[in-house]
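J.: Okay, sequence plus prediction incoming.
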There are 2 protein chains.
Amino acid sequence: MTDTRLSELIRLLPGLRLSTDPGDLEHYGRDWTRRWTPAPLAIAFPADIAQVQAIVRWANGASVAIVPSGGRTGLSGGAVAAHGELVVSLDRMNRILGFDPIDRTLTVQPGIALEAVQKAAREHRLTYPVDFAARGSCQIGGNIATNAGGIRVIRYGNTRQWVAGLKVVTGQGDLLDLNRGLVKNASGYDLRHLVIGSEGTLGIVVEATLWLTSPPPETQVMLLAVPAMDALMKVFAEARHRLRLEAFEFFTDRALSHVTAHGGQDPFDTVHPYYVVTEFEAPDEAAKGEALAFFERCVAEGWVVDGVIASSDAQAAALWRLREGITESLATHKPYKNDVSVRISAVPAFMDDMHRLLTASYPDFDVVWFGHIGDGNLHINVLKPAALDNEAFVAQCEHVTAMLVDTLRRHGGSISAEHGIGLVKKPWLGSVRSPEEIALMRGIKAVWDPNGIMNPGKLL
Amino acid sequence: MTDTRLSELIRLLPGLRLSTDPGDLEHYGRDWTRRWTPAPLAIAFPADIAQVQAIVRWANGASVAIVPSGGRTGLSGGAVAAHGELVVSLDRMNRILGFDPIDRTLTVQPGIALEAVQKAAREHRLTYPVDFAARGSCQIGGNIATNAGGIRVIRYGNTRQWVAGLKVVTGQGDLLDLNRGLVKNASGYDLRHLVIGSEGTLGIVVEATLWLTSPPPETQVMLLAVPAMDALMKVFAEARHRLRLEAFEFFTDRALSHVTAHGGQDPFDTVHPYYVVTEFEAPDEAAKGEALAFFERCVAEGWVVDGVIASSDAQAAALWRLREGITESLATHKPYKNDVSVRISAVPAFMDDMHRLLTASYPDFDVVWFGHIGDGNLHINVLKPAALDNEAFVAQCEHVTAMLVDTLRRHGGSISAEHGIGLVKKPWLGSVRSPEEIALMRGIKAVWDPNGIMNPGKLL
């Protein structure tokens, strides 16, 4: 550690754990994207809020950029450190600080894994309902910085809805204690909501108070085989009208074929264009009867051609694996991933347009669609054809992105539904936010972080 | 209209409806507060977004302050124009622009009354669940500017949660089209949430797309007589645990006595310290049985000493009138109103402290408590004793506020739960937001409104 800036940091904070070990630099210098070569200056592991504040103040003086770092499960490069930044890992600040049974709040440090939050909630017979596949690795601080969504947004909303209070260290090293767990607090601009989803560009989340809620009553899981996208939208409308939905996810035959190739069990005899996994409340016979009536109506109308209702927890888990196993089953194919959204009503026309464009330009691409139809959130994974070399594939994917951006624009969509902008989508920010909005964002960033040390180059 | 600035506005916008009629100046120059003498320059009634933009651009050039004006039902002076401002009334922009059955969104102009939004939702067999007593007069633009709450926050959250998209004219006259109805959109700072609750200091809401939802199944309304605050908290915990609450409101014997003096019907034979009106889902016999079991448990534990379950819609409405009639029943007493919040868990200790302080300092004050216990939101109305003259009463109330602010600070509360800061609570903003937070708010305001023309003097 010969860098004089680091020597100064060590002098200021002799107790701070700091690493320049090459393994750490590589490990903590990147997220789930693999496009950038990690090259941080060092990794800091603060133990408390005071250390975070001291680091930020030092960084302002030393002109060192900071990359706040959680579980680094992001897919947009928001936690990449490739230009001599100090990575501030929240790994050591991972404790539960408190629980209040009347407020039904859990106060946690930012480095705690989502799964640990969910588990703590369960121990109090409550639930923290934000949920997605990276639950074991992602951290709550990162969830807040990206306003994480997942599979139960249709019922519970995004992370935003569950943040009762937020402690944040700003780009100047000030500690903010935002909202303090109040349900109602009409006292000026809600800075908490500004920080949520800001991808570490305004400050570092150092503590969060999360609302918990009652777990749903008993639920049922259903897998449906659907012949067409229009039918799928009708199934969704019917389900939302008649059932208390916890989740409504779809995927295509291509997605299912990859999952079954990785050990997933297809319960149907024939291949269908679309599948839906839906979970809904079914606490009593009346609700179960309504679910059956929903299914029968869908079949009678021709919207659904086959279906399975899980009759045990194990079977429910097996049905869910068909949806949740998609990402893992595609991993070996180095998929080119997209996470986009349109209004729910625009989904069929958007998918239709994209399907036509892709089929015309790239007939040999394996395109896998899946996602959260009830949120208008589609994941589009393009798999590299074995015959194509990596460089050519990346170049073609850039062209796919241009088509995607153009199509989204026509349908009023967003190039990032839930993965954030980070580095990956930064070139396309202007397709979803106007020049005036971007100018306001830059202005706000300058107020919070006048020296531009917080995650520079990301998002803006 | 001899003011040269107004002549210029008329020249720029010959079609703009503009009034300097003294009656209009008084009517549109104030809200439900009566502390300030209205003295606006003029009232503008734009017919469309382009006119709003042109007005704001003119105001920047002419250095005229703008007061955005909705239904003016506010209680914090946020819509008061007492210093030669141009009031921009949204009264003429009051239409429904669209409904989408798949997105379940209603797009409206800002001047539409909340009640008209609720009615439009019902016509589509859906519900817009934000609700409070001013529904007939308040406008949706004002609801958004104050993040209005009300009686169903415990179930549905504040206005914030129902805004899918927002068109806003900034302090520079730029038109922003924020979020465009997307459920998920992780593309940088959520400026929509920054505008919600900003009390007209950043820009003017000129269009909103609102999410609607399924109406609840059949509900029941129950009135409970409760012997003590600790018992009331136990009743709340039990109700939240066992029932699907739509509302859980409380008031004191003093509140009830004013309502019954105004024609409300007290169903009980004796006076009780606290009352609860609660509404919950009761779609079938099982749910009704659970409600009865809840009631019996509360009685067995001594938390509830008497109760009524409404057996008809008319009876349910009568029970609700006991709670909703409070404000009207107090109006003749010129009450000194406070709208505060603490964490739910802090309610008993906070109320206890305030009760002791008030009894010690002002034993002859009639203090009426009511509010949304499930949100930690308490309304405290102090009535003027007949013997006290107005000036002395106001002076003493200022002292009550100081006690209240101090007590709230000790309990981590907020001086504004849902009424906003406006002019009334501006002196106390520093009791709920830190100097660093206020500095960030000022910085953000300067980015949106560099010439400081948007509702100056309010909030900040």
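T.: Structure's in. What do you need?

J.: domain parsing for chain A?
T.: A:4-89, A:96-211, A:219-327, A:334-419 (automatic domain parsing).

J.: ok, now which ones touch the residue nearest the centre of chain A?
T.: By CA atoms, centre = their mean, chain A has its centre lying nearest to A:Ala148, at 4.1 Å. Neighbouring residues of A:Ala148 by CB atoms under 8 Å, 6 or more residues apart in numbering or on different chains: A:114, A:130, A:132, A:138, A:142, A:158-159, A:418. To be clear about C-beta, it is placed using only N, CA and C from the backbone, and glycine gets the same treatment.

J.: which one of the domains of chain A has the most crowded surroundings?
T.: Most buried of the domains of chain A by mean neighbour count (mean count of other CB atoms under 10 Å in any protein chain shown) is domain A:96-211; its value is a mean of 22.

J.: re earlier: pLDDT check: weakest of the contacts of A:Ala148?
T.: Least confident of these in the model: A:Phe132, at 90.

J.: so it makes contact with A:Thr146?
T.: No. A:Phe132 is not in contact with A:Thr146 according to CB atoms under 8 Å; the separation is 11.0 Å.

J.: Please put the alpha-carbon coordinates of stretch A:26-36 into PDB.
T.: Output of stretch A:26-36 as PDB, limited to C-alpha atoms (Å, rounded to 0.1, in the frame of the first residue of the first chain):
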ATOM      1  CA  GLU A  26     -10.800  -8.500  -8.700                       C
ATOM      2  CA  HIS A  27     -13.600 -10.000  -6.500                       C
ATOM      3  CA  TYR A  28     -14.900  -6.700  -5.200                       C
ATOM      4  CA  GLY A  29     -14.200  -4.700  -8.400                       C
ATOM      5  CA  ARG A  30     -17.000  -6.200 -10.400                       C
ATOM      6  CA  ASP A  31     -20.700  -7.400 -10.300                       C
ATOM      7  CA  TRP A  32     -22.500 -10.100 -12.300                       C
ATOM      8  CA  THR A  33     -21.600  -8.300 -15.500                       C
ATOM      9  CA  ARG A  34     -18.300  -9.400 -16.900                       C
ATOM     10  CA  ARG A  35     -17.600  -6.700 -19.400                       C
ATOM     11  CA  TRP A  36     -15.200  -4.500 -17.500                       C
END
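
J.: hmm, who's touching that stretch?
T.: Counting by CB under 8 Å, 6+ apart, A:38-40, A:43, A:69, A:72-82, A:87, A:89, A:422-424 sit against stretch A:26-36.

J.: rerun at 7 Å
T.: With CB atoms under 7 Å, 6 or more residues apart in numbering or on different chains as the test, stretch A:26-36 has contacts from A:38-40, A:43, A:69, A:72-82, A:87, A:89, A:423-424.

J.: just stretch A:335-344 next, same as before
T.: Taking CB under 7 Å, 6+ apart as the rule, stretch A:335-344 contacts A:75, A:350, A:374-383, A:397, A:400, A:404, A:408, A:411-419, B:102-103, B:181-185.

J.: one step back: filtering the contacts of stretch A:26-36 by proximity to chain B, which remain?
T.: By CB under 7 Å from any CB of the partner chain, no member of these lies near chain B.

J.: which residues in the stretch 301-450 of chain A form helices?
T.: Secondary structure of the stretch 301-450 of chain A (DSSP state H, counting those that start in this stretch): helices located at A:313-324, A:326-330, A:347-361, A:390-410, A:435-448.

J.: Can you tell me which residues in the stretch 51-200 of chain A are near chain B?
T.: Near chain B, when you scan the stretch 51-200 of chain A using CB under 7 Å from any CB, you find A:100, A:102-103, A:146-147, A:149, A:153, A:158, A:174, A:176, A:180-191, A:193-194, A:197-198.

J.: Also the stretch 351-460 of chain A?
T.: When proximity is defined by CB under 7 Å from any CB, the stretch 351-460 of chain A lies next to chain B at A:375-377, A:412, A:414-421, A:429, A:432-434, A:436-437, A:440-441, A:443-444, A:447-448, A:459.

J.: So what's the gap between stretch A:169-181 and the chain middle?
T.: Distance, stretch centre to chain centre, for stretch A:169-181: 24 Å (CA atoms, centre = their mean, to the nearest Å).

J.: end-to-end on that stretch?
T.: The first residue of stretch A:169-181 is 18 Å away from its last residue (CA to CA, to the nearest Å).

J.: what does stretch A:449-460 give?
T.: 13 Å.

J.: mean confidence for that stretch?
T.: Mean predicted confidence for stretch A:449-460 is 98.

J.: what's it in contact with?
T.: Taking CB under 7 Å, 6+ apart as the rule, stretch A:449-460 contacts A:59-60, A:64-68, A:78, A:170-172, A:199-203, A:421-423, A:426, A:441-442, A:445, B:188.

J.: Tell me the buried residues in that stretch?
T.: In terms of neighbour count (16 or more other CB atoms under 10 Å in any protein chain shown), stretch A:449-460 has its buried residues at A:449, A:452-460.

J.: Return the distance of it from the chain's centre.
T.: Using CA atoms, centre = their mean, the offset of stretch A:449-460 from its chain centre is 21 Å.
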